[in-house]
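J.: Quick check, what structure comes out for this input:
(3 chains)
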Amino acid sequence: MTGKEGASDIPVGELTPLEAASELQALAKEIARHDKAYYQKDAPLISDAEYDALRRRNDAIEAAFPNLVRKDSPSHRLGAAPATGFAKVTHARPMLSLNNAFADDEVVEFVARVRRFLGLAEDQAVALVCEPKIDGLSISLRYERGKFVLGATRGDGTSGEDVTANLKTLNDIPETLKRAPKVLEVRGEVYMTRKDFAALNRSQQAAGEKVFANPRNAAAGSLRQKNPLVTATRPLRFFAYAWGEISEPVADTQWRFLERLRHWGFLTNPLGKLFERVEDCLAAYRDLEARRAKLDYDIDGMVYKVNRLDWQRRLGQVSRAPRWAIAHKFAAEKAMTRLAAIELQVGRTGTLTPVAHLEPVTVGGVVVSRATLHNEDYVVEKDIRVGDTVVVQRAGDVIPQVLEVVKKKRPKGAAPFRFPKTCPCPLKTRVVRKEGEAATRCTGELACPYQQVERLFHFASRDAFDIEGLGEANIQLFFDNSLIKQPADIFKLKTKPQEVTKVVAEWHRLQSAARQAAKGRSETAGAKRKKGEEYKSVGNLFAAIDDRRRIPLNRFIYALGIRQVGEATARLLARVYGTLDAWQGAMKAAAKERAKYPDATRPNEVGEAYAELCNVESIGMSMADDICRFFSESHNIKVIRALEAELTVEGFAAPVSSSAVAGKTVVFTGALEQMTREEAKAMAERLGAKVSGSVSKKTDLVVAGPGAGSKLKDAEKHGVRVIDEAGWLALVGGR
DNA sequence: GAGCCTCGAGTTCC
DNA sequence: CTCGAGGCTC
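T.: So this is what the prediction gives:
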């Protein structure tokens, strides 16, 4: 790469705004790259003179097109990297979430389950630590050799954002710990008291700054400040209650762990208690509920944790929640409002979802105006009618849901809701509800314009191609203007810059016109859009699209939007088949086989490729059939072919592992004692083995634990080698 | 065949 | 976050 990349030779005076915008973008990227190389890696890629030329070119264009100056413009900073967002950090141990209980008997059942799992007698006590559940933000603090080195938000539980600098400004977070293990991660909740929250909002308002909706939002906003000096002025507090990675055990019970935390200088919640009987826990819960309003911080329930850590270890976790803890939530705040209308939305798979339009009402601190009604059964069962007064709450304090109808307030003549027979799309396609299924689907499939837009939106969405700037509104816009009809068209957009710019400009004009109409004539001048804005966003969009011309196979598969193939299954398929060509070939073959034997009820009766697909663990005939259906549609084959012309799809490198199981197909059966099935599977895959769910003649190895049944017999039948867990561990070289 | 678990698909508001 | 459904185990 040359240093000149990003700079063109066109004299500044002859640049069109569009060219200028895209060049500024390229320059920003290029200069940032050199800054990083120079300042962070101490390894400049180009000479100082070349670097200066880039900066001068940037400054000249900015001088000629002041409207196009970018937020991330190199002229806004002097060398040092800009503070654009926070670095992502992966947690050494995932930050788990908690299962919820809403009623007393669910808590009783929780304890019973713990007893059953551990094989304890009825009369054996299960001591529980009870603590209020603080309504704040979970964070993780990493200490190495007693020094605070890294603080991160919870994020999705696996990885969060590095907010170390901001956390260092909190008084409640010690900078150093005495007599701490070499590595210690302390977890807890950052929160703001109600009093501090009110004071902060008063000063925000006085300064004409943003006012926060509630203490939690204020705490979150304060912690995500780019400038730690701002965070320092915010009254954030911290309660510690758990741990992540820890290099040596420091306690044998939850309760003593909390004591250790206090010795290190952390604050733990003063209302925490230790009980041996569930009844005491429930009494403490009711006591807490009664005191809730008087506390100076928001809480949303009580958390119960099994006290003994050896039991916690044995209980382990399911999915992302531990079996040894549960959150007993307070009843969610409810509100009544009128249901004005029921709209039908069409999802990308054609599912028709009824959505309630509500007269806006405040529930739990936010204004709610829409709520999902899920499906026909839900509406019928609750007998929800347009015009009804309904009770609304926010499930888990987030998603609004319609709980029930206040029948007494039903207006006369309100008719029962009739699920429509046709899709709301212009084609008015007939809809069907399959026997035994809850969903009603539009049969328009590929032709339905609503579904087409949804599929395109899915294609560009975060977990698929992740194209910034191509959200639902833009997709709709480009679709309506025939600029994008199928996924590959996205990558051809930049061959029609004028048309794209025109469409976007027109949209902006309509938007501001609508805004003006809504606001009256109060802001005639302010609503006028700066010249050049739309050019800028178009340039950004093209760059964002170009960024995705290389794409990992798993994302590619997911983006196609095959029914039942979500993120997890896409990853699995990518890993098993390795390359786009291999996968495509196999799927086409399977589809052909299936077309020949549409009535077969067992994979083997269909064909080899189909059976191999079904043999992948967690893929059964239902999923295989949906994949085959996708590949038997010539339109879909064309969509993929068109994409191939635009993209590089990165396969999964064949595992070049020298391990004894590389390339082998392994089946696990029966109970495993030293590791979970998930761990075993992950280990096998890491070592290059394929993990399958059933034994066939293609299986190389069966790992059988106690209680193995039919698969063991299958192994004998096919003459497959069988080993136990210890044998497996020996084979792959321990843990 | 029941029960557990995971995944997919749909949704809200900031 | 919730619901429904598919797949796996026993």
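J.: who's in contact with A:Ser618?
T.: A:Ser618 is in contact with A:568-569, A:572, A:693, counting by CB atoms under 8 Å, 6 or more residues apart in numbering. Using the backbone N, CA and C atoms, a C-beta is placed for each residue, glycine as well.
J.: which parts of the helix or strand that A:Val503 is a member of are buried?
T.: Assessed by DSSP states H and E, A:Val503 sits inside helix A:497-519. Residues A:497, A:500-501, A:503-505, A:507, A:516 are the ones in helix A:497-519 that count as buried (16 or more other CB atoms under 10 Å).
J.: Flag the least confident of the residues you listed.
T.: Within the buried residues of helix A:497-519, A:Gln516 has the lowest pLDDT, namely 66.
J.: Spell out which parts of chain A neighbour DNA strand B.
T.: A:213, A:217, A:318-319, A:345, A:347-351, A:353, A:355, A:366-372, A:398-400, A:454, A:563-570, A:618, A:678 (CB under 7 Å from any atom of the strand).
J.: Check which helices and strands the helix holding A:Val503 sits against.
T.: helix A:472-480, helix A:533-546 (3 or more CB pairs under 8 Å, 6 or more residues apart in numbering; DSSP states H and E).
J.: Surely A:Arg55 is within a helix?
T.: Yes: per DSSP: H, G, I helix; E, B strand; the rest coil, A:Arg55 lies within a helix segment.
J.: Against DNA strand C, how distant is it?
T.: 45 Å (CB to the nearest atom of the strand, to the nearest Å).
J.: Reformat the helices and strands packed on helix A:497-519 into JSON lines and put mean pLDDT next to each item.
T.: JSON lines is the format used below for the helices and strands packed on helix A:497-519 (pLDDT from 0 to 100):
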{"stretch": "helix A:472-480", "mean pLDDT": "89"}
{"stretch": "helix A:533-546", "mean pLDDT": "78"}
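J.: Which of the ones you listed has the highest mean neighbour count?
T.: helix A:533-546 (a mean of 20; mean count of other CB atoms under 10 Å).
J.: and the direction of that one versus that of helix A:472-480, what angle?
T.: 90 degrees (axes from the mean of the first three to the mean of the last three CA atoms, to 10 degrees).
J.: Give me the contacts around the very next helix or strand once past helix A:533-546.
T.: Following helix A:533-546 in sequence order, the next helix or strand is strand A:550-552 (DSSP H and E). With CB under 8 Å, 6+ apart as the test, strand A:550-552 has contacts from A:465, A:559, A:574, A:647-650.
J.: same check, this time on stretch A:599-610
T.: So stretch A:599-610 is contacted by A:586-587, A:589-590, A:592-594, A:596-597, A:611, A:613-615, A:621, A:624, A:628 (CB under 8 Å, 6+ apart).
J.: which among the residues you listed end up buried?
T.: A:586-587, A:589-590, A:593-594, A:611, A:613-615, A:621, A:624, A:628.
J.: Identify, from these, the entry nearest to DNA strand C.
T.: Checking the buried ones among the contacts of stretch A:599-610 against DNA strand C by CB to the nearest atom of the strand gives A:Met621 as the nearest, at 5.5 Å.
J.: Look up phi and psi at the nearest residue to the closest one once chain neighbours are set aside.
T.: The shortest distance from A:Met621 to any non-neighbouring residue, by CB to CB, 6 or more residues apart in numbering, is to A:Cys614 (6.0 Å). Per-residue torsions, A:Cys614: phi -70, psi -20 (degrees, to the nearest 10).
J.: In this structure A:Cys614 contacts A:Asp625, no?
T.: No: using CB atoms under 8 Å as the test, A:Cys614 is too far from A:Asp625 to be in contact (9.7 Å).
J.: ok, back up a step: could I get the helices and strands packed on helix A:497-519 as a markdown table with distance to DNA strand C?
T.: Converted to a markdown table, the helices and strands packed on helix A:497-519 look like this (distance: least, CB to the nearest atom of the strand, whole Å):
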| stretch | distance to DNA strand C |
| --- | --- |
| helix A:472-480 | 17 |
| helix A:533-546 | 25 |
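J.: Which single one of the contacts of stretch A:599-610 is nearest to DNA strand B?
T.: Scanning the contacts of stretch A:599-610 for proximity to DNA strand B, where the rule is CB to the nearest atom of the strand, the winner is A:Ala624, at 13.1 Å.
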